[in-house]
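Trainee: Compute the structure for the input listed below.
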Amino acid sequence: MRKNLKRVGTIAGVSLGATLLAVTNAYATWSSYLSGVRPGFTSHEWADSSYTQIHFKHCYATDGNNEFGSVTVELIRTTGTNTSFGSKTFTECFSWGDGDETSTGVWEGLPSGDYVFKIAAIGGSSSTYRLLSVDAVTVDTTKAD
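Mentor: I've put the predicted structure just below:
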């Protein structure tokens with residue numbers, strides 16, 4: 001009987017470890033889209049411990065009269081006090097039809113914590129009259145790819 005209890009405890013421990021690993025990996029990489037967001041918009045949080053890539057595919061920005069060809073994305077650590085880790089300006093995602101409509105920002109050497117990205121500017125301006133839509137947004141914290 002004691003042998004069976006030990007075996008059940010080992011199986012339960014392995015199952016719990018696999019569940020936690022699955023949750024952690026699922027939380028590390030996520031995909032979504034943006035529709036009509038303005039400068040100042042922040043994404044939902046994710047956990048990171050050293051490396052983040054943010055990919056935008058098929059971007060469109062306008063103020064109703066003009067179209068814009070860039071978006072500035074800022075990475076912010078929300079653990080403790082909000083700390084900026086700098087921004088990247090994405091332009092390639094606006095060049096539809098050239099075969100490479102994805103812009104990527106990479107941040108390395110990040111301390112462990114929770115992060116968001118913020119739309120800091122559209123077309124170089126933080127005017128709230130400017131709107132951004134992105135067909136595919138991917139946040140990836142695995143450096144292996």
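Trainee: Contacts only, for Val116.
Mentor: By Cβ atoms under 8 Å, 6 or more residues apart in numbering, Val116 lies in contact with 42-46, 75-76, 78. In this view, the C-beta of every residue, glycine as well, is placed from N, C-alpha and C.
Trainee: Also Glu74?
Mentor: Contacts of Glu74 by Cβ under 8 Å, 6+ apart are 84, 86-87, 117-120.
Trainee: Ok, Ser43 next?
Mentor: Ser43 neighbours (Cβ under 8 Å, 6+ apart): 32, 116-118, 137, 139.
Trainee: Leu132 too?
Mentor: 34, 36-38, 41, 59-61, 71, 119, 122.
Trainee: Recalculate using a threshold of 7 Å.
Mentor: Leu132 is in contact with 34, 37, 59, 61, 71, 119, 122, counting by Cβ atoms under 7 Å, 6 or more residues apart in numbering.
Trainee: Next SSE downstream of the strand ranked longest in the chain?
Mentor: Looking across the chain with DSSP state E, the single longest strand is strand 51-62. Remark: after strand 51-62, the chain's next helix or strand is strand 67-68, criterion DSSP states H and E.
Trainee: Can you list the strands that that following strand pairs with?
Mentor: strand 51-62 (antiparallel) (DSSP bridges).
Trainee: How about residues contacting the partner strand?
Mentor: With Cβ under 7 Å, 6+ apart, strand 51-62 has contacts from 67-68, 71, 73, 75, 90, 93-94, 96, 101-108, 110, 115, 117, 122-123, 130-141, 143.
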